[in-house]
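# Show me the folded form of this:
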Amino acid sequence: MHNLAIALSSKGYHVTGSDDEIFNPSADRLKAKGLYPEPMGWFPERITSDTEAVILGMHAKADNPELLFAQSLGLKVYSYPEYVYQQSLNKQRIVIAGSHGKTTITAMIIHVLAYHNRKVDYLVGAQLEGFDTMVKLTDDAPVIIIEGDEYFTSPLDRVPKFLKYHHHIALVSGIAWDHINVYPDFEVYVRQFDQLADATPKAGTLVYNEDDGAATAVCNKEREDVTLLDYSAHPHEIINGETYLLGANKQKVKVPFFGDHNMHNAAGAKAVLSKMAITEDMFLQAISSFNGAANRLQLLGYNDQTRIYKDFAHAPSKVNATIDALHKQFKDKKLIAVLELHTFSSLNKDFLRQYTGTMSGADVALVYYSPQVLAHKKLPALSPAEVGGSFDTPVEVFTDTQLLFNHLKGLDYINSNLLLMSSGNFNGMELESLVREIL
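Residues are numbered from 1 along each chain as shown. Below you'll find the predicted structure:
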């Protein structure tokens, strides 16, 4: 939401906003643009009949006083994706969806297009190197690349966000059950992607990962006048801990990212870009300088013995893929893996069994969760024994940030890599300090 506010302000709109609390980096970015709301809270009097539109964030409740007042005035209330669609009516809309990889695929496409000086608008779920914001909306870009989330549109509209963008081209990277708080079983979850595929218009294109059984089952169906485009992992080699993409014309291009999941991501991005007159040679030339999106296998620091990575992995499929990537890239190094359980799904007692075996590829496996987060999300309490027993492999469970910090600091990192996996921040653990202490 704060990135959308900045994008609209940059476009010349007068933007105001409200929230009950705002954390960094959002707070500092809003302050730098003069958009930080003070004081915090909800003030219906800020909304007047002159307001053109209200954009409703996912975390506002249906009884929010500002929302109720806007409705009483008869103002147009948009959800986030509905308003992005309004801003892109005259553009080619490309939506990147899937349970995993969508941020990286979106970022790769944006990077390649920018490298070749193509005008492009975008909406992506992480900060990208060389880009100021995570949302860009202009009048002259002919195309917009949208990371399409399957989570609900808004408290007033309980359908997936990705259905609101009305795509011309859609990609499905893979389907693995997530968001148990809104999709109670895998079948219901898969049905959302069925709807996305069915929404592909005539003359549209549906791109999918053929190595993912669920994605293939959803996408590889007969749909009138829809082009199907499948992909599998990009051909590659690992030489002395470095990954090289292999081209059809025997090119060998060194890239700074690695892991089978990223080879699928690269192939998916290339497939979409092929529909935009980006040749394989153009793709390989540009992708060699793609350093990834923030928190996606992000290298926090290294020395001659140890590399420390942070990854957004939180769902079981992502945890498994990220650990596998480190294991294959650095076969001779010990892997110390730490997972924070932070989402509604990961902290659900019934969902925890989905993590069975996901940490088995680590030499040392640690799991952290915060009882305070459980209470904040109004979820039943979990014991460390319950959490540890869900992984079906030896894991050490922590519930205190400082104890985890001290434990990590005291481990032996000779010929070892450290992987920190979380969609949160380990309840405020000072990662920069941890990296300094270890290295």
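
# What segments of the stretch 151-300 of the chain are strands?
Taking DSSP state E, counting those that start in this stretch as the test, the strands found in the stretch 151-300 of the chain are 152-154, 157-160, 169-172, 205-209, 227-231, 236-239, 242-246, 252-255, 298-302.

# so which of those strands comes closest to residue 6?
Nearest of the strands of the stretch 151-300 of the chain to residue 6, taken as CB to CB: strand 152-154 at 20.2 Å. Quick note: C-beta positions are derived from backbone N, CA and C, even for glycine.

# From the chain's centre, how far out is that closest one? Work that out for me.
Relative to its chain's centre, strand 152-154 lies at 16 Å (CA atoms, centre = their mean, to the nearest Å).

# Show the average pLDDT along that strand.
The average pLDDT within strand 152-154 is 88.

# for stretch 325-343, same thing?
Computed over stretch 325-343, the mean pLDDT rounds to 94.

# picking up where we left off before, return the most buried member of the strands of the stretch 151-300 of the chain.
For the strands of the stretch 151-300 of the chain, the largest average neighbour count (mean count of other CB atoms under 10 Å) is found in strand 169-172, namely a mean of 27.

# And that one, what does it pack against?
Judged by 3 or more CB pairs under 8 Å, 6 or more residues apart in numbering; DSSP states H and E, strand 169-172 is in contact with strand 92-97, helix 186-198, strand 205-209, helix 213-219, helix 260-274.

# that older thread, same list, the strands of the stretch 151-300 of the chain, but as JSON lines with distance to residue 282 please.
Below are the strands of the stretch 151-300 of the chain laid out as JSON lines (distance: least, CB to CB, whole Å):
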{"stretch": "strand 152-154", "distance to residue 282": "35"}
{"stretch": "strand 157-160", "distance to residue 282": "32"}
{"stretch": "strand 169-172", "distance to residue 282": "18"}
{"stretch": "strand 205-209", "distance to residue 282": "18"}
{"stretch": "strand 227-231", "distance to residue 282": "17"}
{"stretch": "strand 236-239", "distance to residue 282": "18"}
{"stretch": "strand 242-246", "distance to residue 282": "13"}
{"stretch": "strand 252-255", "distance to residue 282": "12"}
{"stretch": "strand 298-302", "distance to residue 282": "26"}
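
# So for residue 439, which of the ones you listed sits nearest?
strand 298-302 (5.3 Å).

# State the distance from the closest residue to residue 278 other than its chain neighbours to residue 201.
Of all residues not flanking residue 278 in the chain, residue 112 sits nearest, at 6.2 Å (CB to CB, 6 or more residues apart in numbering). Applying CB to CB, to the nearest Å, the value for residue 112 to residue 201 is 25 Å.

# higher neighbour count, these two?
In this view residue 112 and residue 201 are compared by other CB atoms under 10 Å, and residue 112 has more residues nearby, 25 against 13.

# show me what contacts residue 42?
With contact set as CB atoms under 8 Å, 6 or more residues apart in numbering, residue 42 has these partners: 18, 20, 64-66.

# Swap in 10 Å and give it another go.
The contact partners of residue 42, taken as CB atoms under 10 Å, 6 or more residues apart in numbering, are 18-20, 60, 64-69.

# try residue 260
211, 233-234, 236, 321, 324-325, 328.

# Buried only: go through those residues for me.
By neighbour count, with 16 or more other CB atoms under 10 Å, those hold 233-234, 236, 321, 325 as buried.

# Give me the subset of those residues lying in helices.
Applying DSSP state H to the buried ones among the contacts of residue 260, the entries found in helices are 321, 325.

# Is it possible to get CSV of the buried ones among the contacts of residue 260 that adds distance to residue 148?
Shown next, in CSV, are these (distance: CB to CB, whole Å):
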residue, distance to residue 148
233, 22
234, 22
236, 27
321, 20
325, 24
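
# Thanks a lot, see you next time.
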